[in-house]
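K.L.:
I'll drop the sequence and a predicted model, then ask my questions.
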Amino acid sequence: MKNFKTFTRTILPFMIVFFFSCAVITVNIYFPAREVEKAYENLEDQLMKKGPAQPQKGPSKSPSGDSSGPQSLLNPSTWFVQTAYAEDSLYKQISRHIMKMPEVVNAYRRMGKRLQTINQLRNKRLVGESNSGLLSPLKRLNRNQALAMKDENHDRSIVILGMTKAIIEINHLKINKKNLDKVYPKAAAQFAELRRRRAKPGWKIQLADGKWVVKR
């Protein structure tokens, strides 16, 4: 009995702590960077260049009839296993997911309407494309110019947040602060990468390392 009491007082607490420390599971979120950038590009081409599109309703179906999305995303380490969702079509699945978000669709529409104004600011190098995916002022802006930049950055933030939520959902995870904080920087980085790639010669762009250059 004495030995048992000694065990419960000294060894057992350490065993309990050890057990719970081993039970902590780190969930990695699969983030297909190349497909995310292609999805951004696809959405811009649909919603900003070819006129407005209506948000889709209802779940998008996979080729196998399962509406839950690519099952391989449940385990990020085995995402490359062949499934009904081939890698080269994943960006379309992401795009369809975002097309069901009215706030993101409307943000793209507004961005399309002010595109000419934003292009003028970029042509004059009054603003540049930062590595956060948002516009940054390079010179003093007047009231209308500052307002246009503010509205543009607001809509870009909505788009990036929508992409963040879509990636979390296709991983079959909950949309909570922890997951949002984990994915949002990656979604923003891919949006910034597309902005650099689509920038016209003469525009100021910020590289991933923070350096500002003129697009050649």
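P.N.:
Alright, I've got the coordinates. Everything numeric in this text was worked out from a predicted model, so none of it was measured.
K.L.:
for the protein, longest helix please?
P.N.:
helix 143-170 (DSSP state H).
K.L.:
report the rounded mean pLDDT for whatever helix or strand Val105 lives in.
P.N.:
According to DSSP states H and E, Val105 maps onto helix 102-113. For helix 102-113, mean pLDDT rounds to 98.
K.L.:
before we move on, the earlier item: angle of the following helix or strand past the longest helix of the chain against helix 143-170?
P.N.:
As assigned by DSSP H and E, the chain's next helix or strand after helix 143-170 is helix 177-198. Counting by axes from the mean of the first three to the mean of the last three C-alpha atoms, to 10 degrees, helix 177-198 lies at 120 degrees to helix 143-170.
K.L.:
what residues of helix 177-198 count as buried?
P.N.:
In terms of neighbour count (16 or more other C-beta atoms under 10 Å), helix 177-198 has its buried residues at 179, 182-184, 186-196. In this view, the C-beta of every residue, glycine as well, is placed from N, C-alpha and C.
K.L.:
residues in contact with that helix?
P.N.:
29, 31, 33, 36-37, 40-41, 129-133, 156, 159-161, 163-165, 167-168, 173, 205-208, 215 (C-beta atoms under 8 Å, 6 or more residues apart in numbering).
K.L.:
check which element follows that helix along the chain.
P.N.:
Counting by DSSP H and E, the next helix or strand C-terminal to helix 177-198 is strand 204-206.
K.L.:
mind listing what's buried in that following strand?
P.N.:
Lys204, Ile205, Gln206.
K.L.:
kindly report the same for stretch 154-170.
P.N.:
Using 16+ other C-beta under 10 Å as the test for burial, stretch 154-170 gives 155-170.
K.L.:
could you dump it to PDB, C-alpha only?
P.N.:
Provided in PDB are the C-alpha atoms of stretch 154-170 (Å, rounded to 0.1, in the frame of the first residue of the first chain):
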ATOM      1  CA  HIS A 154      -9.800  46.700 -48.900                       C
ATOM      2  CA  ASP A 155     -11.100  44.500 -51.800                       C
ATOM      3  CA  ARG A 156      -7.800  42.700 -52.100                       C
ATOM      4  CA  SER A 157      -7.900  41.800 -48.500                       C
ATOM      5  CA  ILE A 158     -11.400  40.300 -49.000                       C
ATOM      6  CA  VAL A 159     -10.000  38.300 -51.900                       C
ATOM      7  CA  ILE A 160      -7.000  37.000 -50.000                       C
ATOM      8  CA  LEU A 161      -9.200  36.100 -47.000                       C
ATOM      9  CA  GLY A 162     -11.600  34.300 -49.300                       C
ATOM     10  CA  MET A 163      -8.700  32.200 -50.700                       C
ATOM     11  CA  THR A 164      -7.500  31.500 -47.200                       C
ATOM     12  CA  LYS A 165     -11.000  30.200 -46.200                       C
ATOM     13  CA  ALA A 166     -11.100  28.100 -49.400                       C
ATOM     14  CA  ILE A 167      -7.800  26.400 -48.700                       C
ATOM     15  CA  ILE A 168      -8.800  25.600 -45.100                       C
ATOM     16  CA  GLU A 169     -12.100  24.200 -46.300                       C
ATOM     17  CA  ILE A 170     -10.600  21.900 -49.000                       C
END
